[in-house]
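> structure of the sequence below:
(4 chains)
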Protein chains: 2
Amino acid sequence: MFQNCQDVVAPVRIGDKWTGKILVCLGDGARRFSELRVPLHMVTPKVLTESLRAMERDGLVRRTAHPGVPPRVEYSLTELGHRMREFFMDTVCAWNASTLPEVLEARAAYDRRVSA
Amino acid sequence: MFQNCQDVVAPVRIGDKWTGKILVCLGDGARRFSELRVPLHMVTPKVLTESLRAMERDGLVRRTAHPGVPPRVEYSLTELGHRMREFFMDTVCAWNASTLPEVLEARAAYDRRVSA
DNA sequence: CAGGATCCTTTCCGATACTG
DNA sequence: CAGTATCGGAAAGGATCCTG
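Residues are numbered from 1 along each chain as shown, chains lettered A, B, ... in the order given. The predicted structure follows:
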């Protein structure tokens, strides 16, 4: 799902470590807190909360708490969040992917030089 | 010079803290190590070296050492570096700038809500 | 002049445990 | 379930001093 956005090599980043992936995960609909943790490799609740709070503050994400027990909270993208996701996927990830071969080759060449 | 790329609020980032600014500074020609430090608010040599090394390794920057005493080292953008700079300025910074008002308003509204 | 070496602070992030 | 609280390690970034 994140083939084009692997943070291992991507030089262009958005928000913190999880912001981009959260945008993608929420791209096709609302998700609950626990549902989000799965595609995010079981990121700890603390960190996920921090990322979601920041995104909510920036107007990218909307938090909807359904009353009752057990609690049920859903996160979804705002209109700005959707635009941010499009920009991230179509522009940033696309550009990262397109330049990746050049960067990798440059790194290999550099490493060859310094180790020599 | 960095009006559209202020890292205070920019959600989209490139490389480390100084990468974007270095790209811009080298945009209109080669610069020496010390020359680079000025527009970068006297970033310490250690950090600047780290950033430049990473950019050199990624094939964004070319390092040219002119022999003699005192030493003279010039940094310039590679072709990939120029393309990266264009992408950064025209696409990333432009997008940051265009969404900035919305983000700031969202933040203000959020802060008003939580402090209330 | 162009950095390398050291030390230190800050920030990010993960692990674990607990709660309404 | 959806978090919060606390702790600890790792990494980023900066201050200061030193060197070819």
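
> and the lengthiest helix in chain A with chain B, contact?
When chain A is parsed with DSSP state H, its longest helix is helix A:94-115. Yes: counting by CB under 8 Å from any CB of the partner chain, chain B has neighbours in helix A:94-115: A:95, A:99, A:102-103, A:105-107, A:109-111. C-beta coordinates here come from the backbone N, C-alpha and C atoms, glycine included.

> could you count how many residues lie near the residue in chain A positioned nearest to DNA strand C?
Proximity of chain A to DNA strand C (CB to the nearest atom of the strand) peaks at A:Lys17, 2.9 Å away. Number of residues near A:Lys17 (other CB atoms under 10 Å in any protein chain shown) recorded here: 12.

> next one: A:Asp90
10.

> with A:Arg31 instead?
19.

> show me the contacts for it.
Applying CB atoms under 8 Å, 6 or more residues apart in numbering or on different chains, we find A:Arg31 in contact with A:25, A:74-76.

> circling back to that earlier point, widest-spaced pair of the residues of helix A:94-115 next to chain B?
Across the residues of helix A:94-115 next to chain B, no pair lies farther apart than A:Trp95 and A:Asp111, at 23.7 Å, counting by CB to CB.

> when these two are compared, which one has more neighbours?
A:Trp95 (20 against 11).

> hey, where'd the helices end up in chain A?
Going by DSSP H, chain A shows helices at A:19-25, A:33-37, A:45-57, A:79-86, A:94-115.

> now the ones you listed as CSV including distance to DNA strand D and mean pLDDT?
Below are the helices of chain A laid out as CSV (distance: least, CB to the nearest atom of the strand, whole Å; pLDDT from 0 to 100):
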stretch, distance to DNA strand D, mean pLDDT
helix A:19-25, 13, 94
helix A:33-37, 3, 97
helix A:45-57, 4, 97
helix A:79-86, 16, 96
helix A:94-115, 15, 91
